[in-house]
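>>> requesting a structural model of the entry that follows:
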Amino acid sequence: MKTRSGGGQERRPGGETHQTARSVDQTLTTNQGVAISDNQNSLRSGARGPTLLEDFVLREKITHFDHERIPERIVHARGSGAHGYFQPLKNLSNLTKAAFLQDPKKKTRVFVRFSTVAGGAGSVDTPRDVRGFAVKFYTEEGNFDLVGNNIPIFFIQDAMKFPDLVHSVKMEPDRAFPQAASAHDTFWDFVSLMPESMHMLMWAMSDRTIPRSLRHIEGFGVHTFRLVNAQGESTFVKFHWRPTLGAFSTLWDEAVKIAGADPDYQRRDLWEAIDSGNFPEWTLSIQAFDQKTADELDFDILDPTKLIPEEVVPLTPIGRMVLDQNPVNFFAETEQVAFHPGHIVPGIDFTPDPLLQGRLHSYLDTQLSRLGGPNFHEIPINKPVCPMRNFQRDGHMRMAVPPGRVNYEPNSLAPDSPRENPSRGFASFPDPNAGPKTRERPESFADHYSQARQFWRSMTPPEQAHIVNAFTFELSKVVTPAIRKRMLGHLDVIEPELGQRVATAMGMAGEAEKISPAVSPRDDLDPSPALSLIAKAPKTIQGRTVAALVTDGSDASAVKKLRDALKKEGAQLKLVAPKVGTLQGGLVPDMQLDGAPSVLFDAVVALPSEAGAKELTGVAAAIDWLRDAFGHLKAIGFNGATQPLLAKAGIEADPSMGIVAIDGKGGIEAFIGTAKRHKIWERDKLVRPQR
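Alright, predicted model coming up:
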């Protein structure tokens, strides 16, 4: 193949694209002017072996990337944090010697930081983006950081490509926009040339990247790790966080309007839930499997663009995490907390996943820039709860004052100074994978489309429609036609139906570029219901907020009945009115109508008086309040006085479509039952194009 600019382009056995220089003047080099032979793969000991420290190309590229921004994080800059605790459900000594996983009665304090990836610290909470899910365990053996995302896979297979990925999705360098958005040429140009990104793109264009709140996201460790027990036996493991409340999303139009109504929506939601005592909770589960199982899978467990379906290796719950305390100072805690995948404890170990291997260097290197030097571990939020004893000295912002004349080991002048401890100390698992030094991606990484197809086929019809709409929206923002056509070609390979639906929606039917995959996607993978948010959504309103639109003269007793019924289900009621002062009849609104659009709530109820309803028919905000709730598929409750408002909004009272009268016998119960569905999916085809 040839690129449009005339340079060579080829695909290697691992399925990755290599573009070669068409002249000496086009040669890619290091900062020292050394020509780079392979910009796609880090240097490994064998194709499936660990990344080598001597890879100066990888270290220079990532080190420069880590130091591009100070002091704001380059990625995951927009974050929200909370304190809590983790408690194991059982003794896991058969799998690991990690002390914090032994005693079901023992609680380990944690600090969790949730974040978006692409936007800056001042961006909004609700863009279409991956969410970071990082947990710092303050264990008795040192800090363990489980640094993951709300999606179980990633865009790239090798850390060598991480700077390129982030550069492409960030604001375009000549114009500094768009902020916190992937709907632009540079991102889609990059990923359309990276077939390995196709699986992650399916997740990114799904509802997973527009979550209802941080309390309603799943979390994943992404990589395959090892658990090692006291006998030195290793078990492969994938980490999963599952929210007790269930995982839920918004709609795209809803997310956009939330961003305008409350840019801090998810940060506020997390803070208020903890502040009110409704502590968010997750179950930590693992997929544990041995080498034999790994060998039987049709993909490589070291490939971070692949997942293991739960139907193949089921989840085993091992603990619960509760967030019960907000930070007392955002900067000192949420902003200064430093996570690093290399912070592990005895009983947990790495695999030679090439993305993980690069992260082990990158995260530490980044903290040196962000937090002023090598002593960031002395900042209170990062400080271990167990003793720290070593001979590391001095450096920028040193806080500890170590006494004595000896700062080296071995020594004979300070016999009581720290010494290595073979019995308690961390020891790496003796991974047998090794081989010649090579920049090579294993052929077992080459299938980039099968799991993307499986993900599509695992979605419910509404979720598939949302994926089509997301691709259509994003690619329609791309100015360069060749990039659109290239991506449409990839979608045709993933699933012809998907490609055709997106192309038709864009008005580009028949224009897709022909893509020849390195490995043809399998057609025999069964759908995995666990991948669908809708298919596994629990019917609950626990932790949700319902809004009631009230006016002068609204029935306070009806409001009380509704509030009591919601409280019994673990939900809260907020009163919204045209004014915030005490209303005639004694009700005290929580929010004023213009500042409380229905996008901020999970379900709505209209409880105006007859006079109030008549007045609201002339208020655009009130009409939009109901129309948006209808368009965003929320349950809508109403009393008899609301009929003029519903008529003005063009909404027909129909319980089968989630429009429920609540002032009759059993009305409140019927409304709550409807609201437990989260969204009224039957209404979706009425309010948006079915592409």
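>>> now residue 476: closest residue in space that isn't a chain neighbour?
In space, and not counting its chain neighbours, residue 476 is closest to residue 506: 5.9 Å by Cβ to Cβ, 6 or more residues apart in numbering. Placement of C-beta: from N, CA and C, glycine included.
>>> verify the contact between the one you found and residue 475 for me.
Yes. With contacts counted by Cβ atoms under 8 Å, residue 506 reaches residue 475, the gap being 6.3 Å.
>>> of the two, which one has the most company?
Higher neighbour count among residue 506 and residue 475: residue 475, with 23 against 18, using other Cβ atoms under 10 Å.
>>> which residues are common contacts for residue 506 and residue 475?
Residues touching both residue 506 and residue 475 (Cβ atoms under 8 Å, 6 or more residues apart in numbering) are 484, 488.
>>> what's the local residue count around residue 551?
27.
>>> what do you get for residue 467?
By other Cβ under 10 Å, the residues close to residue 467 number 24.
>>> also residue 550?
27.
>>> cool, and the one 10 residues further on?
The tally of other residues near residue 560 (other Cβ under 10 Å) stands at 12.
>>> secondary structure element holding it?
Element membership of residue 560 [criterion: DSSP states H and E] is helix 556-568.
>>> what's the helix or strand for residue 112?
Assigned by DSSP H and E, residue 112 falls in strand 108-116.
>>> what's that strand packed up against?
strand 79-88, strand 131-139, strand 316-325 (3 or more Cβ pairs under 8 Å, 6 or more residues apart in numbering; DSSP states H and E).
>>> isn't there a helix covering residue 294?
Yes. Residue 294 forms part of a helix when assessed by DSSP: H, G, I helix; E, B strand; the rest coil.
>>> I'd say it and residue 236 touch.
Yes. If you go by Cβ under 8 Å, residue 294 and residue 236 touch, sitting 5.9 Å apart.
>>> list residues touching both of the two?
Contact criterion Cβ under 8 Å, 6+ apart; residues shared by residue 294 and residue 236: residue 301.
>>> who's more crowded, the two?
Set residue 294 next to residue 236 and count neighbours by other Cβ under 10 Å: residue 236 wins out with 21 against 17.
>>> residues in contact with the more buried one?
Here residue 236 is in contact with 224, 225, 226, 288, 289, 290, 291, 293, 294, 301, 351 (criterion: Cβ under 8 Å, 6+ apart).
>>> and it, which of the three is it?
strand.
>>> kindly state the pLDDT recorded for it?
Confidence at residue 236, expressed as pLDDT, is 98.
>>> swap in residue 3?
Confidence score, pLDDT, at residue 3: 40.
>>> just the C-alpha atoms of stretch 684-691, please, in CSV.
The C-alpha coordinates for stretch 684-691 follow below in CSV (Å, rounded to 0.1, in the frame of the first residue of the first chain):
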residue,chain,number,x,y,z
ASP,A,684,-37.0,6.4,22.0
LYS,A,685,-38.4,5.8,18.5
LEU,A,686,-40.8,8.7,19.0
VAL,A,687,-38.3,11.3,19.8
ARG,A,688,-35.1,10.7,17.7
PRO,A,689,-34.3,9.3,14.3
GLN,A,690,-33.9,5.5,14.1
ARG,A,691,-30.9,5.4,11.9
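>>> next one: it to chain centre, how far?
Relative to its chain's centre, stretch 684-691 lies at 27 Å (Cα atoms, centre = their mean, to the nearest Å).
>>> now the strands for the stretch 101-250 of the chain?
Under the criterion DSSP state E, counting those that start in this stretch, the stretch 101-250 of the chain contains strands at 108-116, 131-139, 142-149, 219-220, 225-228, 234-243.
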